[in-house]
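1. Provide a 3D model corresponding to the input given below.
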Amino acid sequence: MTPPPSPAPSAPPPCAVPLPPRTVPPPPGPERAGARMLLPCFPADPGRVWLVGAHGGAGCTTVYMSDRGLYADAGRALPVSMDPSRPAHVVLCARGTGRGLQALRDLLAWWHAGGMGATRLLGVAVTAPCRRTPRALRRGTDLIGSAAPALWRLPWISGLELDAFPDAWPAAYRRMREDVRGAAGRLWAAGAVHAREDDNDVHQGAHASETPDGAMTAGRGDDGKDQG
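-> Residues are numbered from 1 along each chain as shown. Predicted coordinates:
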């Protein structure tokens with residue numbers, strides 16, 4: 001005799017906890033097919049040059065400390081200006097390791113696909129991971145950096161692992177500062193005072209501080225490293 005069929009398993013009850021959305025709205029600005037969100041966005045002061053890390057420990061803090069009047073540290077987020085006539089300006093930072101260069105490559109591909117919207121990329125800053133960087137990593141830095149408007153190669157600075165920022169900065173940081181100021185010069189043209197937004201929703205960055213317009217600290221030295 002054939003045994004009776006087993007009863008079909010009952011369907012599981014519906015989930016009572018709403019699931020988060022799978023996509024995040026892209027930043028305001030032009031969009032292209034295939035662009036996806038790689039970084040969260042925040043409303044930002046367009047009067048600063050924002051340092052965006054391609055990964056943890058990309059060196060944003062070190063670059064920021066080389067000129068606190070020019071830069072602001074965005075960490076792992078994309079600054080977006082709320083004023084369409086004054087887009088935010090960013091520099092992507094990365095460590096010159098295999099993982100760091102891959103993360104930078106992904107962000108540059110995202111930028112080329114229109115993922116950053118109106119936010120303007122000034123260039124990329126890649127810090128040497130050690131005193132003598134292997135040739136393959138140097139070549140990788142040049143190859144990936146060629147996809148950006150500008151590439152700044154920053155050297156290793158001994159002692160940064162102890163949070164000892166140098167008194168005299170390597171020349172590479174000074175050259176980068178001069179290039180960045182020239183590229184974003186219209187933001188500070190004619191010595192105009194840039195009004196800073198009072199809205200509490202405007203993110204001023206991990207290290208941003210109120211400074212009079214044009215107050216730039218001079219960088220001195222030879223060449224340096226990015227630890228944070």
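2. can you give me the strands in the protein?
-> With DSSP state E, the ranges of strands along the chain come out as 41-43, 49-53, 71-75, 78-80, 89-95, 120-127, 151-154.
3. Of these, which is nearest Thr141?
-> strand 120-127 (4.9 Å; C-beta to C-beta). Glycine gets a C-beta too; all of them are placed from N, C-alpha and C.
4. Give the other helices and strands that the closest one contacts.
-> In terms of contacts (3 or more C-beta pairs under 8 Å, 6 or more residues apart in numbering; DSSP states H and E), strand 120-127 is packed against strand 89-95, helix 98-112, helix 135-145, strand 151-154, helix 171-183.
5. Quick one: residues in contact with the third one.
-> By C-beta atoms under 8 Å, 6 or more residues apart in numbering, the residues outside helix 135-145 that reach it are Gly96, Thr97, Gly98, Leu101, Leu104, Arg105, Leu108, Val124, Val126, Pro129, Leu151, Arg153.
6. ok, now with 6 Å
-> Residues outside helix 135-145 that contact it (C-beta atoms under 6 Å, 6 or more residues apart in numbering): Gly96, Leu101, Leu104, Arg105, Val124, Val126, Leu151.
7. How about the fifth one: which residues does it bridge to?
-> Same thing as Val124. Leu92, Leu151 (DSSP bridges).
8. who touches it in this structure?
-> Contacts of Val124 by C-beta under 6 Å, 6+ apart are Leu92, Gly145, Ala148, Leu151.
9. Next, format those residues as JSON lines and append neighbour count.
-> Formatted as JSON lines, these follow (neighbours: other C-beta atoms under 10 Å):
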{"residue": "Leu92", "neighbour count": "25"}
{"residue": "Gly145", "neighbour count": "24"}
{"residue": "Ala148", "neighbour count": "21"}
{"residue": "Leu151", "neighbour count": "16"}
